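Asks: please find the sequence and the predicted model below.
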Amino acid sequence: MEVVGEHLQDWAQKQKDELQKDVFGRSAFNRYYYAAYLITRMNLGELNPDWKKEKHKAMPNTLMTTVRKPVIRELDKQVKKNIMTKSERSRAESSLKVATASLSNLLKEAYDLRCVADYEPEELISFDNNLLLLKEYKLDSARKWPGKATAYCKTIRKIWRDAGLA
């Protein structure tokens, strides 16, 4: 998906016609969102097979609640068994909260923007030199969504491993 988004973005930026820039730019936003979503779903699905079926709108909440609970429970157990110090537990929980909250926010914003791109054609993409913007979001920023999703998932997976869950 990410490579499709890159090609659509590159194509949109080369177009002279504003309508062509608009439709290809919208499609690029869409593909970048799907790349981030699918990366997240695949990574979380490796931690819990039920998460492979997680719907778009539910994924941010799953990250904030369901993904965190078993890790925190296991971190507490490790402290009680003196496998982990309280400060190590605190750092792990903090890292988990930052990664899950950041990924949750990324997916919410990207999903909302994807909906604008798909369902609100009256909301035109604007052009500033070679920058394409939908609402206040730059297409160049959307291009980074899949990489950010990958990094957040890597952190989440590491903390799951450290907690003894994966």
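Replies: Cool, got the structure.
Asks: what's next to stretch 34-48, contact-wise?
Replies: Contact with stretch 34-48 is made by 1-2, 5, 51-52, 54, 56, 59, 62-63, 67, 103, 106-107, 110-111, 114, 145-146, 148-150, 152-154, 156-157, 160, 165-166, as judged by Cβ atoms under 8 Å, 6 or more residues apart in numbering. No exception for glycine: its C-beta is placed from N, CA and C like everyone else's.
Asks: which of those residues are buried?
Replies: Buried by 16 or more other Cβ atoms under 10 Å: 1-2, 5, 51, 54, 56, 59, 62-63, 67, 103, 106-107, 110-111, 114, 145-146, 148-149, 152-153, 156-157, 160, out of these.
Asks: please state the offset of stretch 99-109 from the chain centre?
Replies: Taking the mean of its C-alpha atoms, stretch 99-109 sits 6 Å from the chain's own mean (Cα atoms, centre = their mean, to the nearest Å).
Asks: ok, now stretch 104-120?
Replies: Using Cα atoms, centre = their mean, the mean C-alpha position of stretch 104-120 is found 11 Å from that of the whole chain.
Asks: and for stretch 7-16?
Replies: Per Cα atoms, centre = their mean, the centroid offset for stretch 7-16 relative to its chain is 24 Å.
Asks: again, but for stretch 72-86
Replies: Distance of stretch 72-86 from its chain centroid, counting by Cα atoms, centre = their mean, is 29 Å.
Asks: by mean pLDDT, flag the weakest helix or strand of the chain.
Replies: For the chain, scoring each helix and strand by mean pLDDT, DSSP states H and E identifies strand 126-128 as the least confident one, at a mean of 86.
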